[in-house]
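> Next input, structure requested:
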Amino acid sequence: MTENDPSAPHDGGAQREPGAQQSPEDAKTPPRGTPLGSGPQQQPSPWSAQGAAQQQSHAAQPGQAGGHEQSAYAQTGQQPAGQGTGPQQAGQSGGYPWTPPGAQQQSPYATATMPAPAVPQQRRGPGKLVAGVAVLALIVGGGAGAAGGYLTAQNSGSGASYNALDQPVPAQQTATAPEGSVEAVAQKLSPSVVELQVSGRSGQGEGSGFVLSTDGYILTNNHVVEVAAEGGSIQAVFQDGTKAAASIVGRDPTTDIAVVKVDGVKNLTPVALGNSDDLNVGQSVVAIGSPFELAGTVTSGIVSALHRPVRAGGSEGDQTTVMSAIQTDAAINPGNSGGPLANLSGQVIGINSAIYSPQSSGMGQTEATNAGIGFAIPINQARRTAQEIIDTGKATQTFIGANVSDAQQGGAQIAGVQSGSPAEQAGLKQGDVVTKVEDLVINDADGLIAAVRTRAPGDKVTFTLSDGRTVQVTLGGQPVPTN
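Residues are numbered from 1 along each chain as shown. Coordinates of the predicted model:
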């Protein structure tokens, strides 16, 4: 998959349709995230600890904004929306980093200059005052020294020495980790997190997933398993070392969600799902996954931002993902893709899917590494898609039936309306500019696409237009192609 330059500015003329396919002439693409899982590669993977050929850890990296027109589905070969008001493209757990144009490397630390100490002016007068102060200091110092010596003698007892190596090993702590701690979350979730080792005709890689049910359903990212979609293989490795073959139940490139299933494995521990609509910026979260094939890695951080439009996932020929992501500073790296992001109650509130990696110095190369900016798919959106896949083997994409582009004054401009579509039925017309969906401010076309895709077909949503009018749109649904 070719990554666009993430630093490219948004093209106001780019047209995209929320839930519609991008046509090749589209000039604008949202910033692209680097997937965290490893996707197939013909070249040696930059994420493999050993540099093994064709190894790739899934982690999406942000891409740049584009101006491509979207039709019923977004093309996966294109990069995510641009910077600025456009959605940021997250790097998938396989990751392709980018740096904003013209950005210069700066020291992460500010250099502070300490002022020289002030020299007090000498007083003219009797010398007894100065001498008296000096004597007092000596008396205090001497007293403190004597007390310290006395205490030392008492502790050492007759001058005997103390050696920490001679002391007994403390008894092992068996108490349960404090509730609401990172340790408690790790103890609760780790048995439910699996490493997915994937191979196919185009390469091999690995990512993460987590158990949904006792009968073997596992939720992960589409970009983690898509290499195995055409006759490849997937092996799930559980925390206790158990290995089992897994098969794809269904996948949705437009939301970067996939469900796989293992058979014949007993004592599986499903996760508890939380409510991603209840998240707050600054809330503590925990990520678990297999970065760089280091299974069971636990990291923690906070929710850095919510409703961040991010384009990530997919490859040339597939449908590009545009999601309204949870941004976090918990360390996420290639291989974390598909793993859970949880609150301190141990409930999964997101699926780690992409990272932003700044451009490294030298030869214009990039590295898919943690920069404190990771993106997760909200679990409420993933939950609906996963249930559809389990029930029918397919997913439904939410759409309004309109092509949209970035409005110069901010917002998403309706560039065209399909006949009989939800947009036409709601009264939207070419030239209208959407500035809000419910209470969510829309800054560009990808913001509107992400806002639409997070909702379910049949939902009634209020759009606010730039001229102050409001329209109610009943969202439509259509099958998602996987090829």
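> which residues pair with Arg308 across the strands?
Ala325 (DSSP bridges).
> ok, now how distant is it from Leu268?
33 Å (C-beta to C-beta, to the nearest Å). Backbone N, C-alpha and C define where each C-beta goes, glycine included.
> and what of Ala175?
27 Å.
> higher neighbour count, the two?
Neighbours were counted for Ala175 and for Leu268 using other C-beta atoms under 10 Å; Leu268 has more, 20 against 5.
> what's the neighbour count on Val473?
24.
> Who are the contact partners of it?
For Val473, the contact set (C-beta atoms under 8 Å, 6 or more residues apart in numbering) comprises Ile400, Pro422, Ala423, Ala426, Leu428, Lys460, Val461, Thr462, Phe463.
> Going by secondary structure, it is in what exactly?
Using DSSP states H and E, Val473 sits in strand 470-474.
> tell me the average confidence for that strand?
Averaged over strand 470-474, pLDDT sits at 96.
> would you list every one of the helices in this structure?
For the chain, the helices defined by DSSP state H cover 128-156, 182-189, 222-225, 379-392, 422-426, 445-453.
> By mean pLDDT, show me the worst of these.
Across the helices of the chain, helix 128-156 gives the lowest mean pLDDT, at a mean of 41.
> Can you tell me the closest non-neighbouring residue to Gly282?
Ile302 (5.5 Å; C-beta to C-beta, 6 or more residues apart in numbering).
> Number of residues surrounding that neighbour?
By other C-beta under 10 Å, the burial measure for Ile302, its neighbour count, is 14.
> And Pro191, by the same measure?
Pro191 is flanked by 17 other residues according to other C-beta under 10 Å.
> ok, now how distant is it from Val433?
Going from Pro191 to Val433 by C-beta to C-beta gives 50 Å.
> before we move on, what about Gly411?
4 Å.
> Of those two, give the one with the bigger neighbour count.
Gly411 (24 against 20).
> how about that one, what does it touch?
Gly411 makes contact with Val433, Val434, Thr435, Ile442, Asn443, Asp444, Ser466, according to C-beta under 8 Å, 6+ apart.
> And Val348, by the same measure?
By C-beta under 8 Å, 6+ apart, the contact set of Val348 is Leu189, Phe210, Val271, Ala272, Leu273, Gly274, Pro340, Leu341, Ala342, Ile379.
> so who does the first one touch?
Neighbour list for Leu189: Phe210, Val271, Val286, Ile288, Pro340, Ala342, Gly346, Val348 [criterion: C-beta under 8 Å, 6+ apart].
> now do the fifth one
By C-beta under 8 Å, 6+ apart, the residues touching Leu273 are Gln347, Val348, Ile379, Arg383.
> run the last query once more with 6 Å
Contact analysis of Leu273 by C-beta atoms under 6 Å, 6 or more residues apart in numbering lists Val348, Ile379.
> Distance of it relative to Gln387?
Relative to Gln387, Leu273 is positioned 11 Å away (C-beta to C-beta).
> Also the third one?
Remark: distance between Val271 and Gln387 (C-beta to C-beta) = 15 Å.
> So which of those two has more stuff around it?
Using other C-beta under 10 Å, the more surrounded residue of Val271 and Gln387 is Val271, with 22 against 13.
> so the more buried one makes contact with Ser192?
Yes: proximity of Val271 to Ser192 meets the contact threshold set by C-beta atoms under 6 Å, at 4.6 Å.
> which residues are in contact with both of these two?
In contact with both Val271 and Ser192: Phe210, using C-beta under 6 Å, 6+ apart.
> in the sheet, who's paired with the residue nearest to Val265 when sequence neighbours are not counted?
Among residues not flanking Val265 along the chain, Ala244 sits closest, at 4.8 Å (C-beta to C-beta, 6+ apart). Residues in a beta bridge with Ala244, per DSSP bridges, are Ala236.
> List the contacts of Ala244.
Ala244 touches Ala236, Val262, Val265, counting by C-beta under 6 Å, 6+ apart.
> can you do 10 Å?
Ala244 sits next to 194, 216, 234-238, 261-265, 268 when contact means C-beta atoms under 10 Å, 6 or more residues apart in numbering.
> from those residues, which would you call buried?
Burial by neighbour count, judged by 16 or more other C-beta atoms under 10 Å, picks out Val194, Gly216, Ile234, Gln235, Ala236, Val237, Phe238, Lys261, Val262, Val265, Leu268 from these.
> And those, which is closest to Thr392?
Nearest to Thr392 among these, counting by C-beta to C-beta, is Lys261 at 14.4 Å.
> show me the residues around the closest one that make contact.
212-213, 215-218, 234, 236, 244-249, 390.
> could you dump the contacts of Leu189 to a markdown table with pLDDT?
Putting these into a markdown table (pLDDT from 0 to 100) gives the following:
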| residue | pLDDT |
| --- | --- |
| Phe210 | 98 |
| Val271 | 97 |
| Val286 | 97 |
| Ile288 | 97 |
| Pro340 | 97 |
| Ala342 | 97 |
| Gly346 | 96 |
| Val348 | 98 |
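> Of those residues, which belong to strands?
Judged by DSSP state E, the contacts of Leu189 include Phe210, Val286, Ile288, Pro340, Ala342, Val348 as members of strands.
> Pull out the buried members of those residues.
In the ones in strands among the contacts of Leu189, the ones that pass as buried (16+ other C-beta under 10 Å) are Phe210, Val286, Ile288, Pro340, Ala342, Val348.
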